[in-house]
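Novice: Need the 3D shape of this:
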Amino acid sequence: VLVTSIHPLRAYMYRDGLVRFASSKYDANAKDGGKKTAFLTNTSVNKKSGIDVEDLTWPFPKLYETMSQLGMDPEVLWESIERAIVQ
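Specialist: Numbering: from 1, shown residues only. You can find the predicted model right below:
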C-alpha cells in the first residue's frame, strides 16, 4: 500500500510485492513481549533463527497460490486490507 495523501485519503494498493513472515510463533502470554523473531519480519533479525530467510519471504503470487490450495480466497484478503486502510 502506498499512501500519497491523508486528507483527502489517497492510497494505492499493489497486487505485486513481497510477504514477510516471522520466524517464530507469537505467544500472547510471553513476558516482556516474547521473542523479537515472533513479531519482527526484518531479514537481519530472522537470519539468526536457523530458518532460511528465503522461506520467510514470499512473492505475492506464491501467497495467492498457497491460499487457494488451502481453500482460501485471496480476494477476501485484499478486501480486508482495503477495509483496514479506509477505516
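Novice: what's the longest helix seen in the chain packed up against?
Specialist: Longest helix of the chain, by residue count under DSSP state H: helix 74-86. Judged by 3 or more C-beta pairs under 8 Å, 6 or more residues apart in numbering; DSSP states H and E, helix 74-86 is in contact with helix 60-69. No exception for glycine: its C-beta is placed from N, CA and C like everyone else's.
Novice: Which positions in the longest helix of the chain come out as buried?
Specialist: Applying a neighbour-count criterion of 16 or more other C-beta atoms under 10 Å, one finds residue 74 buried in helix 74-86.
Novice: Other residues contacting the helix or strand bottoming out on mean pLDDT in the chain?
Specialist: Sorted by mean pLDDT, DSSP states H and E, the helices and strands of the chain end with helix 43-46, the least confident at a mean of 79. By C-beta atoms under 8 Å, 6 or more residues apart in numbering, the surrounding residues in contact with helix 43-46 are 20, 22, 23, 36, 37, 40, 53, 56, 57.
Novice: Just the buried residues of whichever helix or strand comes after that helix, please?
Specialist: Using DSSP states H and E, the helix or strand that follows helix 43-46 towards the C-terminus is helix 53-56. The neighbour-count check on helix 53-56 (16+ other C-beta under 10 Å) flags residue 56 as buried.
Novice: contacts for helix 53-56?
Specialist: With contacts defined as C-beta under 8 Å, 6+ apart, helix 53-56 is touched by 20, 21, 22, 23, 41, 43, 46, 47.
Novice: Can you tell me how far the closest residue to residue 9 other than its chain neighbours is from residue 60?
Specialist: Sequence neighbours aside, residue 86 is the residue nearest to residue 9 in space, at 6.8 Å (criterion: C-beta to C-beta, 6 or more residues apart in numbering). Distance of residue 86 to residue 60, given as C-beta to C-beta, to the nearest Å: 21 Å.
Novice: cool, and residue 28?
Specialist: Taking C-beta to C-beta, one finds residue 28 at 28 Å from residue 60.
Novice: swap in residue 32?
Specialist: 34 Å.
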